[in-house]
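Novice: just to be clear, the model below is a prediction. Sequence and coordinates:
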Amino acid sequence: MSDHSERAAAAAAHIRDLAEATTDPRNSYASPAEITAVTGGLRELARHLEDALRHLEVHIGRRADGDWVAPDGEGPPNARQVRGAVQSAQADARNMVRALDRALETLGRPGPARKQ
């Protein structure tokens, strides 16, 4: 068994901590440089999220229908629906990367070159 679920939970906790620490507009970001740095960091997060979702989608596709455990005695989840939902989330993450690239360009810092 892997520790992937624990790693995902830890990453979510870090982002939650960032979101909670920046709720007060009076002391959230000290300078434009800090805004740019956080924007760049969030862009990288979105890029890695897109990669993780792509890997998840591939592994969902490799599972046979009999591998799925039915939650609470219901029928097993439809793997095709699960895969489609993950693909949609991956597209959303890709769009976040693009939007944060545009934000970085507006802030005067070009985003990293995109993978093709």
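Specialist: Yes, it's here.

Novice: so where is the protein shaky, pLDDT-wise?
Specialist: 1, 64-77, 110-116 (pLDDT under 70).

Novice: which residue is nearest the centroid of it?
Specialist: residue 49 (3.2 Å; Cα atoms, centre = their mean).

Novice: would you confirm that it contacts residue 93?
Specialist: Yes. Here residue 49 reaches residue 93: they are 4.6 Å apart, a contact under Cβ atoms under 8 Å. No exception for glycine: its C-beta is placed from N, CA and C like everyone else's.

Novice: returning to that earlier point: list the contacts for the residue nearest to the centre of the chain?
Specialist: Residues near residue 49 by Cβ atoms under 8 Å, 6 or more residues apart in numbering: 93, 96.

Novice: going by secondary structure, it is in what exactly?
Specialist: In this structure, residue 49 sits in helix 32-62 according to DSSP states H and E.

Novice: next one: that helix to chain centre, how far?
Specialist: 5 Å (Cα atoms, centre = their mean, to the nearest Å).

Novice: please enumerate the helices of the chain.
Specialist: Secondary structure of the chain, counting by DSSP state H: helices at 4-21, 32-62, 79-106.

Novice: ok so, going back, now do the helix holding residue 49 and helix 4-21, the angle between them.
Specialist: Going by axes from the mean of the first three to the mean of the last three Cα atoms, to 10 degrees, helix 32-62 is angled at 150 degrees with respect to helix 4-21.
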